[in-house]
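Undergrad: Kindly generate the corresponding structure for this input.
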Amino acid sequence: MTPSWLEVHASYINEFHSSTNDKLTFKPGSLDSAALLKVPIIPADTLEDSSVVTLKIVVSLDEDIGKNEDSDPRFGVSDGVSFIGFERVDKTNHDDYSPCFGVEGTSGNSLHVTKKINSNSPTPYIYNGQFVITLKLNERWGSCSQAHDGGFEQTAAYNKRLLQRKGLTLEVYKDDESEQVGIKFIGVTMIYHS
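TA: Numbers count the residues shown, from 1 in each chain. Coordinates of the predicted model:
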């Protein structure tokens with residue numbers, strides 16, 4: 001999903017954005033935990049709630065924003081009500097937080113976070129903008145990993161179970177109203193286990 005693809009196919013995109021061929025940039029806005037974009041990935045009534053589904057989300061962010069600006073985006077999926085995913089912290093937060101950690105909450109114009117998972121396990125790392133999220137929806141489990149700079153992996157066990165029959169939407173939020181987020185691309189792969 002390139003910046004131009006996201007602009008065309010997103011069901012929602014935050015008004016405080018600009019785009020080039022290489023990057024979709026979200027600027028500071030007026031709402032904490034604001035929704036940045038939402039992209040439907042599985043229509044309603046396609047899956048059963050008991051379907052065994054694994055989602056792999058590959059993200060490339062603008063490294064300069066994450067190294068020099070406040071930028072803590074949250075990537076994940078929702079069923080229109082509940083959200084599960086991961087927050088990726090910027091370089092300024094890596095002394096206090098894990099490079100990425102699980103979040104769950106209620107989807108909307110802003111994300112109402114009800115739980116942060118494994119957020120207080122800092123580890124030294126060099127910030128780069130590429131990472132991979134894996135979500136096993138039937139197991140309520142996920143991981144976030146970075147292969148570069150010696151590698152890093154964080155896991156999360158979620159309380160929320162998504163109602164897959166309602167459909168699934170890729171959603172991106174930011175943590176604070178003053179943050180900026182630069183997205184180069186997002187790739188989503190769904191593995192359906194029959």
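Undergrad: most centrally placed residue in the protein?
TA: Centroid-nearest residue in the chain, with C-alpha atoms, centre = their mean: F75, separated by 0.5 Å.
Undergrad: State the distance from that one to M190.
TA: Computed with C-beta to C-beta, to the nearest Å, the distance linking F75 and M190 is 15 Å. C-betas here are computed from N, CA, C, even on glycine.
Undergrad: Touching, V132 and F75? I think so.
TA: No. With contact defined as C-beta atoms under 8 Å, V132 does not count as touching F75 (10.4 Å).
Undergrad: which residues do those two both contact?
TA: With contacts taken as C-beta atoms under 8 Å, 6 or more residues apart in numbering, the residues that reach both V132 and F75 are 57, 59.
Undergrad: helices and strands around the lengthiest strand in the chain, which ones?
TA: Across the chain, the strand with the greatest residue count (assigned by DSSP state E) is strand 181-193. Using 3 or more C-beta pairs under 8 Å, 6 or more residues apart in numbering; DSSP states H and E as the contact criterion, the secondary-structure elements in contact with strand 181-193 are helix 3-9, strand 24-26, strand 35-42, strand 52-61, helix 63-68, strand 168-173.
Undergrad: Let me have these in JSON lines, adding mean pLDDT and distance to N93 as columns.
TA: Output for the helices and strands packed on strand 181-193, formatted as JSON lines (pLDDT from 0 to 100; distance: least, C-beta to C-beta, whole Å):
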{"stretch": "helix 3-9", "mean pLDDT": "91", "distance to N93": "25"}
{"stretch": "strand 24-26", "mean pLDDT": "96", "distance to N93": "18"}
{"stretch": "strand 35-42", "mean pLDDT": "96", "distance to N93": "18"}
{"stretch": "strand 52-61", "mean pLDDT": "96", "distance to N93": "14"}
{"stretch": "helix 63-68", "mean pLDDT": "88", "distance to N93": "10"}
{"stretch": "strand 168-173", "mean pLDDT": "98", "distance to N93": "16"}
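Undergrad: Most tightly packed of these?
TA: For these, average neighbour numbers computed from mean count of other C-beta atoms under 10 Å are highest in strand 168-173, which has a mean of 25.
Undergrad: Distance to A156 for the helices and strands packed on strand 181-193 - can I get that in CSV?
TA: CSV is the format used below for these (distance: least, C-beta to C-beta, whole Å):
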stretch, distance to A156
helix 3-9, 25
strand 24-26, 24
strand 35-42, 20
strand 52-61, 13
helix 63-68, 21
strand 168-173, 16
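Undergrad: List the neighbours of the least confident helix or strand in the chain by mean pLDDT that are in contact with it.
TA: In the chain, no helix or strand scores lower on mean pLDDT, DSSP states H and E than helix 63-68, which sits at a mean of 88. For helix 63-68, the external contacting residues (C-beta under 8 Å, 6+ apart) are 25, 71, 88, 90-91, 127-129, 180-182.
Undergrad: Return the closest of those residues with respect to T155.
TA: For T155, the nearest member of these is R88. The distance, counting by C-beta to C-beta, is 14.9 Å.
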